[in-house]
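Novice: sequence first, then the predicted structure:
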Amino acid sequence: MRPYICWTAILVVAAIPGAAQGQNLHEAALTKPSLLSFATDSSSFPANYSYRREEHRFWDRENDWLFAGVAASRTLDYFSTLNMRRRGRQEIFLNNETVDNHAEFAVIEAAATGVSIGASYIFHRTGHHKLERWTSIVHFGLATTGAVRNYCLKTAH
């Protein structure tokens, strides 16, 4: 007998005594509050409960500043990469033809900012508010670090 079939059979047999109570189980469900109703009723949680979902508008002041920081760091990355290319260095993430086409490269940088805001919005809608903020913080940090690195590289020619 395969192991997963054996464990399934054990779980089914273990559940039978609870199901055999029948009427008693149904009466208990009517008199006791269910776990599901407790978990979804926010009034039953204390005010300082750590898992209480923090509600805020997506376009609040903190997100505005974070998104502006991401856009600024992507702009800094754009100019630092162009400066690096003028000094004869090679781009490592994109091909050089893409970077040398300034309009195409600007669209890529703007799209990266949009993707970051979109990811934050998905985290906001699913209730992951810390991840919503950290998406922008990490993106801001990585883009700024890359731009500083570009400016710190020595001229190749």
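Specialist: Thanks, I have it.
Novice: longest helix of this structure?
Specialist: With secondary structure taken from DSSP state H, the chain has its longest helix at helix 61-86.
Novice: now do that helix, average pLDDT.
Specialist: Helix 61-86 shows an average pLDDT of 95 in the prediction.
Novice: so which other helices or strands are in contact with that helix?
Specialist: helix 96-100, helix 102-125, helix 129-152 (3 or more CB pairs under 8 Å, 6 or more residues apart in numbering; DSSP states H and E). Where C-beta positions appear, they are placed from N, C-alpha and C, glycine not excepted.
Novice: between the ones you listed, which gets nearest to residue 83?
Specialist: Nearest to residue 83 among the helices and strands packed on helix 61-86 is helix 129-152; the distance by CB to CB comes to 6.8 Å.
Novice: and the contacts of the closest one?
Specialist: By CB atoms under 8 Å, 6 or more residues apart in numbering, the residues outside helix 129-152 that reach it are 53-54, 56, 62-63, 66-67, 69-70, 73-74, 76-77, 79-81, 83-84, 89, 112, 116-117, 119-121, 123-124.
Novice: ok, and the closest non-adjacent residue to residue 79?
Specialist: Using CB to CB, 6 or more residues apart in numbering and skipping residues adjacent in sequence, the residue nearest residue 79 is residue 147, 7.8 Å away.
Novice: format the helices and strands packed on helix 61-86 as JSON lines; extra columns: mean neighbour count.
Specialist: Converted to JSON lines, these look like this (neighbours: other CB atoms under 10 Å):
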{"stretch": "helix 96-100", "mean neighbour count": "13"}
{"stretch": "helix 102-125", "mean neighbour count": "15"}
{"stretch": "helix 129-152", "mean neighbour count": "16"}
